[in-house]
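Undergrad: The amino acid sequence is not available; the structure is as follows:
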Ligand code: URA
């Protein structure tokens with residue numbers, strides 16, 4: 001578009017693709033239309049596949065960054081929190097550090113819902129009660145911690161949904177282990193009001209809509225100017 005002379009910066013056609021402009025101060029127009037807004041922050045929902053590290057680089061293993069183009073990674077796109085190597089499902093990616101911090105802070109109580117396939121005796125009302133009261137989880141090198149109340153929904157004799165409001169390391173697997181079952185498959189289906197869309201396949205990402213970004217901002221008390 002630049003080489004074809006379709007781009008104007010402050011009403012002057014620019015044909016040099018290496019030209020630098022100030023995205024916040026300069027008025028950039030394509031084909032004489034209204035100035036385009038340059039967004040500082042980007043927000044994407046990735047369907048994290050199995051066998052992929054929640055990291056931006058690794059010397060040996062595939063990472064979630066391999067699923068994004070370099071233009072987005074160059075803007076500082078990074079995962080918000082982490083899913084285990086074998087956990088699949090919704091992973092929020094952004095370059096907005098403040099939002100990332102608040103989304104993962106227990107202070108903001110953002111809901112994360114997981115679909116769990118497990119082995120062992122079917123879970124029941126007893127476990128639902130234990131989770132609702134706040135499970136006491138033992139820690140390797142320190143005293144046990146009391147978890148925030150969590151909601152367990154029984155789906156079948158080997159499947160359930162679990163909603164948690166904090167994000168301790170391997171929390172879901174440890175909660176399931178604490179009641180004597182093993183996680184067979186773990187998938188995150190929701191963060192706050194954000195979900196994967198039905199057409200999304202493992203490994204695919206999509207950019208968030210304005211309404212979705214707004215809902216994350218509301219959930220974490222963020223100001224409009226930080227959008
Ligand atoms: N809890 C876990 O145990 N693993 C995840 O990947 C996410 C939550």
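TA: Perfect, thanks for sending it. Note that the coordinates shown come from a computational prediction; the quantities given were computed from them, not determined experimentally.

Undergrad: Make sure residue 171 is actually in contact with residue 162.
TA: No - checked against CB atoms under 8 Å, the pair residue 171 and residue 162 is beyond contact range at 9.4 Å. Using the backbone N, CA and C atoms, a C-beta is placed for each residue, glycine as well.

Undergrad: Give me the buried positions along stretch 211-227.
TA: Across stretch 211-227, burial judged by 16 or more other CB atoms under 10 Å covers 212, 213, 215, 216, 217, 219, 220, 222, 227.

Undergrad: Quick one: mean pLDDT over that stretch.
TA: Averaging pLDDT along stretch 211-227 gives 90.

Undergrad: Ends of that stretch, what's the gap?
TA: This stretch, stretch 211-227, spans 12 Å end to end (CA to CA, to the nearest Å).

Undergrad: Can you lay out the buried residues of stretch 211-227 as CSV showing distance to the ligand?
TA: CSV is the format used below for these (distance: CB to the nearest ligand atom, whole Å):
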residue, distance to the ligand
212, 21
213, 23
215, 21
216, 18
217, 23
219, 18
220, 19
222, 23
227, 27
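
Undergrad: about what we covered before: looking only at neighbour counts, state which of residue 171 and residue 162 leads.
TA: A count of neighbours by other CB atoms under 10 Å puts residue 162 above the other of residue 171 and residue 162, at 22 against 18.

Undergrad: Surely that one and residue 154 touch.
TA: No - if you go by CB under 8 Å, residue 162 and residue 154 don't touch, sitting 10.4 Å apart.
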